[in-house]
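S.K.: Below is the structure, and that's it, no one-letter string:
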């Protein structure tokens, strides 16, 4: 069912995004932090409620990671544009996501199945990126510098790159198994 509570929470996160973006653009970082916290709570609740109430849907399994990507990519692009994040880190995050999305589209055309299975490494990477955005907003509101800035950004970039390579590896395995199945059936 599309209109169940977990899916409504995910849709709420998507609807918060334009207000979050506007708060970054207009330098209202206290609102950015507040909206970020609300979005994070909806992200935690949607999955938790879906699991305990057995309301996991195909629609939700697609919508939730899309909502996460929209929120993260918007955050990285805007925050780097306004000097809150280094541009090079945003390029790493965007590049990884574009490569993964391109791979998913290619596999969809080859298999006629839209299957987005996140890996443990992918989930950890997404969580660390979300934590970074929240930390930057919190520290900016407290007017406190990022501790171990280079190490923090470098670690997130490395984790993102490794996660991207892992998804490429998985995509190649799927493509090779499809090729093997096609060859066997001929």
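M.R.: Nice, I can see it. Owing to the predicted nature of the structure, the values given are computational and were not obtained by experimental measurement.

S.K.: dump the residue contacts of the residue nearest the centre of the chain.
M.R.: Central residue of the chain (Cα atoms, centre = their mean): residue 69, 3.5 Å from the mean position. Contact partners of residue 69, counting by Cβ atoms under 8 Å, 6 or more residues apart in numbering, are residue 97. Bear in mind the C-beta positions are built from the backbone N, C-alpha and C, glycine included.

S.K.: Mind checking what secondary structure it has?
M.R.: helix (DSSP: H, G, I helix; E, B strand; the rest coil).

S.K.: What's the separation between it and residue 165?
M.R.: 18 Å (Cβ to Cβ, to the nearest Å).

S.K.: The longest helix seen in the chain: how far from the chain's middle?
M.R.: Identified as the longest helix of the chain according to DSSP state H is helix 149-185. Using Cα atoms, centre = their mean, to the nearest Å, the mean C-alpha position of helix 149-185 is found 16 Å from that of the whole chain.

S.K.: Packing partners of it?
M.R.: Judged by 3 or more Cβ pairs under 8 Å, 6 or more residues apart in numbering; DSSP states H and E, the packing partners of helix 149-185 are helix 87-111, helix 120-142.

S.K.: could those helices go into CSV alongside mean neighbour count, distance to residue 51 and mean pLDDT?
M.R.: Listed next are the helices and strands packed on helix 149-185 as CSV, based on neighbours: other Cβ atoms under 10 Å; distance: least, Cβ to Cβ, whole Å; pLDDT from 0 to 100:
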stretch, mean neighbour count, distance to residue 51, mean pLDDT
helix 87-111, 15, 24, 90
helix 120-142, 17, 14, 95
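
S.K.: Turn these into CSV, columns for distance to residue 53.
M.R.: As requested, these are exported to CSV (distance: least, Cβ to Cβ, whole Å):
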stretch, distance to residue 53
helix 87-111, 28
helix 120-142, 21
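
S.K.: Out of those, which is closest to residue 29?
M.R.: helix 120-142 (5.2 Å; Cβ to Cβ).

S.K.: For residue 65, see how far away residue 21 is.
M.R.: As judged by Cβ to Cβ, residue 21 and residue 65 stand 19 Å apart.

S.K.: swap that for residue 120, please
M.R.: 14 Å.

S.K.: Same check on residue 100?
M.R.: On the measure of Cβ to Cβ, residue 100 and residue 65 end up 10 Å apart.
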